[in-house]
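Chemist: next come a sequence and a model predicted from it.
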Amino acid sequence: MARYAQVHGSVALITLTNPPVNALSAAVRHGITETVTRALRDPEVKSVVICGENGVFCGGADIREFAKPMGGPPLVPMIAAIEEGDKPVVAAIEGVALGGGLELALGCHYRIAHTKALVGLPEVTLGLLPAAGGTQRLPRLIGIAPALDLITTGRHVAAQQALKLGIVDQVTDQSTVDVAIQFAKQVVGQPLLPRKLSTQPTPCPPDVDILLEEAMTQVKRRARGAIAPVACVMAVRAAATLPYRAGMQKEQELMATLFRSSQAHALQYCFFAQRAVGRWKLSSGAHSGNSKPRPVSKAAVIGLGTMGRGITVALVKAGIAVVAVETSDKQLQMGKQIVSEMLKREAQKRNETPRLDLIRFTTSMLELKDSDLVIEAVFEDMPLKKQVFKELSSVCKADAFLCTNTSGLDVDELAAVTKTPELVVGMHFFAPAHVMKLLEVVCGSRSSPEAVATAMYLGKRLGKVSVAVGNCPGFVGNRMLRPYLEEANFLLEEGATPELVDGALEEFGFAMGVFRMSDLSGLDVGWRIRKESGLTGPDVDPSDPPRRRQGQRYSPLPDLVCEQGRLGQKNGRGWYLYDKPGGRVATPDPKIHQLLEEYRLKHGIRPRRVDRQEVVERCLFALINEGFRILDDGIAAGPEDIDMIYVFGYGWPRHRGGPMFYAGMVGLPKVLERLEHYWQAHPDVPHLEPSALLRRLVDSGSPPIDTWRDFLQRPHSQL
Ligand SMILES: CCC/C=C/C(=O)SCCNC(=O)CCNC(=O)[C@H](O)C(C)(C)COP(=O)([O-])OP(=O)([O-])OC[C@H]1O[C@@H](n2cnc3c(N)ncnc32)[C@H](O)[C@@H]1OP(=O)([O-])[O-]
């Protein structure tokens, strides 16, 4: 699908027409091949302009086609034919030129971009590399170092920066197509060879080997097991060291390996899953397509602790006015100072002025009377939150949305103390709230579609990936985290060390293992919650044996660590020893090893060798098992929702697609078999008992993940 027109007498205008992003589907490639051939053959045509319909040049190869057998003309010869032609071809870039879209533009002899256009080679984020000549042409155009940066990160570059880098020849704020047509007329007759990138040498600095080696070390460190960034460096190395043809051959070989990899499948699944979670649906039949969000121009945040401060900054960054409320002047001043510093840092990064004027700091709840939406972010304590919600219900305007940032408390219980339970919804942010991309939007049983739509849309405005979830203790993310944490503690009891467990999880791809993560969050947080729920402290049932609570296995190890005053990174001692309070350099602590030995001795546990495979299986399969329960309970609409929560909120390695996708990759029968094995060995650990949904799926022949919804008992019933 490409339209052909002859304009200004001698210019052929080829327009890609495949909305919404003019992806290079087989039909588009066919259209380009045909129209370019026509233009090159027509003696009246002296030059060519390629553009995209509806203000978008091209979003790259059609990602949906990757899962199907390849049909239509391939990209490489199609682009080569453009470059090799004897008439100048100008790319008129509006909107985006990404991936294959930019590679198409690099095959053109000139590139003109609109000031608002973005260009980039994001293939690496899909587990691939720019295999339509991008790894060979871009280094020839802009040099090795900047090409490595763009190709290994996949980042998008704004038009002005693209101009500075030399990717585009001209930037305009006028009609890009008109400018390109004029330009195309002017360059007729000028020598074309220097504009044919494949014929040009790659400019290489004298220390190119060192540069490439450093790049390789850096991507390996950053990639945490992802293979595409490594292949990208290898392909750019080929551009630096081999002639064009041999470089292209290398590019194709590397691409062939990546294309078949499970990582590419996982990353492409994530691309579509990220977009799918925006299409939410409630059990009432309301959905994103029929429920309108209400505009939020003035928001309020109650409580300026860590979460409240981050939420305030996120709102201000999105240009939303905020009333920030604290209980005492002292707390308010402290909150104000920290928020101001955070905003200044954020603005500095973006070369902007901090919008402190958008915030009104106050200790008076009365100032909330004209807020459209309030986010409560006080201490995680139900009576306190209820008191806040009662007050909000009386001081806010009648149609204000009342949101809670609770990380797991009952949203319905809070809604019940208000006059407008239909306007109450959970907005669970993740720390640091102005940075982390995830927002769980918790739908209470009485939350209205408008309230859900407004919270989901607000999340999007804040740059978050918003996922609608049902209301149950811990919602989706924290509910699944519990078995993960418990298994890690049980492994310590049985013979592992924190560094062994963390090492296995980091090797799997997590940025931080479970114990490093707990140290970072602060060990006292979980300790307080366990005390409140009677798992430790004075409320423990005295008849409970030391390693059993409420009828199941319990590990008091984390409580013992806290009792020794080890609260994590913040006071320099937790599961690890840190270089200083608040320091980040963790070293294994012999005192923790001693504590583990004494503990095992005291409880008569003979330590055994725990290997990395057991760590991964026990921790992750327990977490996945809970994910299946969540699906069957109707708390999450589909596996994509769970996966995006884990990828964006819990550091699950994206190249493994999220826990549910990973289960499918490992094979559901294998997950079931290992859970059964561990459950037999630990019958007092209920979370190891394979979930009914997992069994049903295996009994049904382990169908692909996109059909799992058909097997749910009560699909999204709690939404
Ligand atoms: C030899 C091969 C070498 C080349 C490899 C490549 O080029 S790899 C590719 C390299 N390119 C990339 O990685 C770019 C990927 N795309 C993007 O980054 C963004 O979509 C955007 C910035 C282009 C537009 O952002 P935005 O927020 O305005 O919009 P949005 O994101 O919501 O998308 C709207 C709809 O379009 C859909 N769709 C989009 N792109 C593609 C595609 N290429 N294909 C198919 N579909 C695509 C998207 O799923 C959604 O569909 P839905 O859910 O409505 O059914």
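Modeler: Everything's here; your move. Numbers count the residues shown, from 1 in each chain.
Chemist: quick check, Thr363 in contact with Gln333.
Modeler: No - using CB atoms under 8 Å, Thr363 is not in contact with Gln333; the gap is 10.2 Å. Every residue, glycine included, has its C-beta placed from N, CA and C.
Chemist: between these two, what contacts are shared?
Modeler: Shared contacts of Thr363 and Gln333 (CB atoms under 8 Å, 6 or more residues apart in numbering): none.
Chemist: ends of stretch 375-389, how far apart?
Modeler: 10 Å (CA to CA, to the nearest Å).
Chemist: buried set for it?
Modeler: 375-378, 380, 385-386, 388-389 (16 or more other CB atoms under 10 Å).
Chemist: report the two of these separated the most.
Modeler: Greatest spatial distance in those: Ile375 and Lys386, 16.2 Å, computed using CB to CB.
Chemist: ok, the residue of the stretch 301-450 of the chain at minimum distance from the ligand - contacts?
Modeler: For the stretch 301-450 of the chain and the ligand, the shortest gap (CB to the nearest ligand atom) falls at Lys437, measuring 14.3 Å. Neighbouring residues of Lys437 by CB under 8 Å, 6+ apart: 463-465, 648-649.
Chemist: now it: closest residue in space that isn't a chain neighbour?
Modeler: Leaving aside its sequence neighbours, Lys437 sits nearest to Phe648 (CB to CB, 6 or more residues apart in numbering; 4.4 Å).
Chemist: run a quick neighbour tally on the one you found.
Modeler: Neighbour count of Phe648, defined by other CB atoms under 10 Å: 24.
Chemist: please, which helix or strand holds it?
Modeler: helix 639-649 (DSSP states H and E).
Chemist: so what touches stretch 307-317?
Modeler: With CB under 8 Å, 6+ apart as the test, stretch 307-317 has contacts from 299, 301-302, 304, 322, 324, 335, 338-339, 342-343, 346, 355, 358-359, 375, 377-378, 405, 429, 431-435, 462-464.
Chemist: hang on, Pro659 packs against Gly627?
Modeler: Yes - counting by CB under 8 Å, Pro659 touches Gly627, with 5.4 Å between them.
Chemist: list residues touching both of the two?
Modeler: With CB under 8 Å, 6+ apart as the test, Pro659 and Gly627 both reach 480, 642.
Chemist: for the residue of the chain found nearest the ligand, what are its contacts?
Modeler: In the chain, the residue that lies nearest the ligand is Gly99 (2.4 Å; CB to the nearest ligand atom). Counting by CB under 8 Å, 6+ apart, Gly99 makes contact with 59-61, 120-123, 130, 134.
Chemist: for Ser717, same thing?
Modeler: 283, 470, 633-634.
Chemist: can you check Leu13 too?
Modeler: 4-7, 48-49, 51, 177, 181.
Chemist: out of the residues you listed, list just those in strands.
Modeler: 4-7, 48-49, 51 (DSSP state E).
Chemist: which of these sit farthest apart?
Modeler: Gln6 and Cys51 (14.4 Å).
Chemist: which residue of the two possesses the greater neighbour count?
Modeler: Using other CB under 10 Å, the more surrounded residue of Gln6 and Cys51 is Cys51, with 24 against 14.
Chemist: correct me if wrong: that one contacts Glu94.
Modeler: Yes - Cys51 is within contact range of Glu94, at 7.0 Å (criterion: CB under 8 Å).
Chemist: shared neighbours, the two?
Modeler: By CB under 8 Å, 6+ apart, the residues touching both Cys51 and Glu94 are 57, 176-177.
Chemist: which of the contacts of stretch 307-317 fall within helices?
Modeler: Among those, the members found in helices (DSSP state H) are 335, 338-339, 342-343, 346.
Chemist: possible to save the residues you listed as CSV with distance to Gly583, pLDDT and neighbour count?
Modeler: Shown next, in CSV, are these (distance: CB to CB, whole Å; pLDDT from 0 to 100; neighbours: other CB atoms under 10 Å):
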residue, distance to Gly583, pLDDT, neighbour count
Gly335, 25, 96, 21
Ile338, 20, 96, 16
Val339, 25, 97, 25
Met342, 21, 96, 19
Leu343, 26, 96, 23
Glu346, 24, 92, 18
